[in-house]
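> this is a predicted model, with the sequence first.
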Amino acid sequence: MSRRILVILGHPDPAPGHFDRALAEAYQTGAEAAGHEVARIDIADLDIPVLRSAKTFETETPSGPILAAQQAIERAEHLMIVYPLWLGTLPGLLKLFFEQVFRPGFAFDYKSDGFPKPRLAGRSARIVVTMGMPAFLYRYYYFAHSLRSLKRHVLGFVGIGPIRDTVIGSVEAIGDAGRARWLEKLETLGRKGA
């Protein structure tokens, strides 16, 4: 069964040759080969304004690229998000992207009881995180806190689920053979739409 998939490349550097870019492309290649409909957002290509107040977050109409991103997310049934771990968390530009996109009225509504009502239920996600440290160290010593926060406090907050993750550690040390294995794994995940 084919799915509508949105690939979000969260590396803020537009230069070619980044492993994250290759992972996104492998996933997209696999998904398209399996008949899935794939759209892609490369945050490095977006001019994303900084949010400086709650009032702006709650009432200002987002810019054109953010509206286009919201439309792509609204259309998608599955999100694949790939990014490098920087200073223990996602890059600032990707965080800014989520702040701009997941606004009230699009991603959630405020209810009178103070609890938010998620508006993006019915979508699943796969998060792929690359890092220089070993993956087991990130998961078991640092408890993957930034990944868990993204899953629970950003994607889960707006109703996206289930959310699966793939953590790729020691990216500088795995060599060409290790990278090739990961690219093959991502292509397989893309074929499955998972």
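Happy to help now that I have it.

> every contact and neighbour count from this point should use C-alpha atoms.
OK.

> check what pLDDT the residue nearest the centre of the chain gets.
Compute the mean C-alpha point of the chain, and by Cα atoms, centre = their mean the closest residue is residue 81, 2.6 Å away. As predicted, residue 81 sits at a pLDDT of 98.

> again, but for residue 113
For residue 113, the pLDDT comes out at 80.

> for the residue nearest to the centre of the chain, give me its contacts.
7, 8, 9, 10, 125, 126, 127, 128 (Cα atoms under 8 Å, 6 or more residues apart in numbering).

> now for residue 153: which residues touch it?
For residue 153, no contacting residues are found, by Cα under 8 Å, 6+ apart.

> picking up where we left off before, so the residue nearest to the centre of the chain sits in a strand?
Yes - following the definition DSSP: H, G, I helix; E, B strand; the rest coil, residue 81 is counted among the residues of a strand.

> who's it bridged to?
residue 8, residue 127 (DSSP bridges).

> against residue 59, how distant is it?
27 Å (Cα to Cα, to the nearest Å).

> excluding its backbone neighbours, what's nearest residue 42?
residue 9 (4.8 Å; Cα to Cα, 6 or more residues apart in numbering).

> give me the neighbour count for the one you found.
Counted with other Cα atoms under 10 Å, residues neighbouring residue 9 total 24.
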